[in-house]
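> Sequence and predicted structure are below.
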Amino acid sequence: MVNKDYTISLLQVIGDFLELGHVENILAMFKQDTGLYNLSADLIRDERFSVRLGTAVLFEELAVIRPNDISLAIPSLIPLLHEKNPFLRGEAATILGIIGSPAALQHLEALAADPDPQVREIITDILKQGTEEPEP
């Protein structure tokens with residue numbers, strides 16, 4: 001069992017590094033410890049824009065170099081899709097879209113009728129990308 005204080009400290013360190021633009025350091029941490037995917041939702045909840053942006057950049061990198069691991073974040077992200085705050089729903093949808101697996105995308109289909117127009121737009125764009133034929 002992971003100590004709650006340790007997890008909070010770890011989140012602070014990861015957030016601080018992402019805020020400073022040190023995505024490569026956090027990338028190395030995620031490569032070393034796949035358990036960090038469980039912190040994905042907590043990173044999205046961070047009040048700092050640069051941390052949330054860094055999380056998206058992190059997942060874009062992980063999608064290229066660790067495509068088999070990034071789905072480990074899905075269980076952490078799913079609860080955010082049901083948050084009252086549309087911002088959190090949109091951020092979680094964005095990361096699930098980056099993950100792009102059928103398991104990630106299936107959770108987005110239910111949000112296609114989200115009451116928030118920005119969330120609907122994010123979902124529509126992600127689902128449209130998932131159905132487009134790749135260029136030869």
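That came in fine, so what should we check first? Residues are numbered from 1 along each chain as shown.
> Now do the contacts for the spatially most central residue of the chain.
By Cα atoms, centre = their mean, the chain has its centre lying nearest to Ile95, at 3.3 Å. Shown in contact with Ile95 (Cβ atoms under 8 Å, 6 or more residues apart in numbering): Ser40, Ile44, Thr55, Ala56, Phe59, Ala73, Leu77. Bear in mind the C-beta positions are built from the backbone N, C-alpha and C, glycine included.
> out of these, which one sits closest to Pro67?
The closest of those to Pro67 turns out to be Phe59 (Cβ to Cβ; 10.9 Å).
> how deep is that closest one tucked in, by neighbour count?
Neighbour count for Phe59, taken as other Cβ atoms under 10 Å: 25.
> what do you get for Gly21?
When neighbours are counted by other Cβ under 10 Å, Gly21 comes out with 12.
> Where does the residue nearest to it when sequence neighbours are not counted fall, secondary structure wise?
Of all residues not flanking Gly21 in the chain, Gly54 sits nearest, at 7.1 Å (Cβ to Cβ, 6 or more residues apart in numbering). Gly54 is part of helix 49-65, with elements assigned from DSSP states H and E.
> Kindly reformat the contacts of Ile95 as TSV containing distance to Pro102 and pLDDT.
Compiled in TSV, those are given as follows (distance: Cβ to Cβ, whole Å; pLDDT from 0 to 100):
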residue	distance to Pro102	pLDDT
Ser40	19	96
Ile44	22	95
Thr55	22	96
Ala56	21	95
Phe59	17	97
Ala73	15	97
Leu77	15	97
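> Only the buried residues of the helix holding Gly54, if you could.
The neighbour-count check on helix 49-65 (16 or more other Cβ atoms under 10 Å) flags Val51, Arg52, Gly54, Thr55, Ala56, Val57, Leu58, Phe59, Glu61, Leu62 as buried.
> Now do the same contact list for Ala113.
Neighbours of Ala113 in contact, by Cβ under 8 Å, 6+ apart: Arg120.
> Recalculate using a threshold of 10 Å.
Applying Cβ atoms under 10 Å, 6 or more residues apart in numbering to Ala113 gives the contacts Val119, Arg120, Ile123.
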